[in-house]
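> generate coordinates for the sequence data below:
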Amino acid sequence: MKKTAVILCGGKGSRLGLLGKKYNKSLIKVQNREILWYIIKILQKHGFNNFILPLGYKSRQIKRFLIRNKNFNTNIDVVNTGANTSIGKRIALVLNKIKSENFILLNGDAIFEFDVNRIIQEHMKRKVAVTFMVTEITYQYGTVGIVNGKVVDFKRDVVYEALKLRNKSKYNAFNYSGISIINTKLLRKMKSQCLRAKNFEMEIYPKLIKKKGALMKRIKGFWHSIDNVKDINIINNDKSRASKIKKIRLQNK
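Below is the predicted model:
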């Protein structure tokens, strides 16, 4: 059975400074392995056998990387979608290559390890349009802790799961991991809208939700997004995260 992953790895990584000017973002190394190496290896471990990479910025680096790794002995389609192409258009240009009923869409800038198959199975069972994977995140600014209206502490780097919105007491907003499972047939019907979308997430996801509903699943495992130099330093210097990355790397040699 085909299990397809579309990995978005055409962005410029502008928040990575000099590293972003030198390398494609997904080829930034963590413990001597590229982020994309981790993504492909981990997905292979979970049975994925069909990979589609919409390329843009520094696409030749990606192609050379795949050649060095012998295409990971699996089916990997690379599609040049243009350096300045929107995410919606990138996805629209590869839709015809998706052979599975559902596919996983993910950004090429996060290392993770969790039970992807369990979430896919529930997505298929519920027959929804899209399943979003959410995760906790560290808030880097100072916070004032309140219990029963009383100030109890002051902290930095508080880890949170959800945010409460002003004037919406029953509404909680969870941190999207950049990983989702999407019904292929439904998205194909929206190809023209994807081509026109300036912001895929803001324009397409709400329409998918209205069409056939959605699920939200918390990631029970490891996830670390690398968006800037600070994120690289955290993953290299935080002992807990560094040890988890080492474990993932050794398990996926």
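> from residue 31, how far out is residue 250?
10 Å (Cβ to Cβ, to the nearest Å). Any C-beta I mention is one placed from the backbone N, CA and C, and that applies to glycine too.
> those two: who's more crowded?
Between residue 250 and residue 31, residue 31 has the larger neighbour count (other Cβ atoms under 10 Å), namely 14 against 9.
> touching, that one and residue 249? I think so.
Yes - at 5.7 Å, residue 31 counts as touching residue 249 under the criterion of Cβ atoms under 8 Å.
> now do the contacts for the residue lying closest to residue 14 once chain neighbours are set aside.
Spatially, and ignoring its direct neighbours in sequence, residue 14 is nearest to residue 20 (5.8 Å; Cβ to Cβ, 6 or more residues apart in numbering). When contacts are counted by Cβ atoms under 8 Å, 6 or more residues apart in numbering, residue 20 touches 12, 13, 14.
> mind checking the SS state of residue 20?
helix (DSSP: H, G, I helix; E, B strand; the rest coil).
> same check, this time on residue 223
strand.
> so how far is residue 248 from it?
11 Å.
> ok, now residue 60?
Distance from residue 60 to residue 248, by Cβ to Cβ: 27 Å.
> same check on residue 205?
28 Å.
> same question, residue 85
Taken as Cβ to Cβ, the span from residue 85 to residue 248 is 31 Å.
> show me what contacts residue 151?
Neighbours of residue 151 in contact, by Cβ under 8 Å, 6+ apart: 144, 145.
> name the helix or strand for it, please.
strand 150-155 (DSSP states H and E).
> pull the contacting residues for the residue lying farthest from the centre of the chain.
Largest separation from the mean C-alpha position in the chain: residue 150, at 38.4 Å (Cα atoms, centre = their mean). By Cβ under 8 Å, 6+ apart, no residues touch residue 150.
> so which of residue 205 and residue 248 has more stuff around it?
Using other Cβ under 10 Å, the more surrounded residue of residue 205 and residue 248 is residue 248, with 21 against 18.
> isn't the more buried one up against residue 37?
No - at 10.5 Å, residue 248 does not count as touching residue 37 under the criterion of Cβ under 8 Å.
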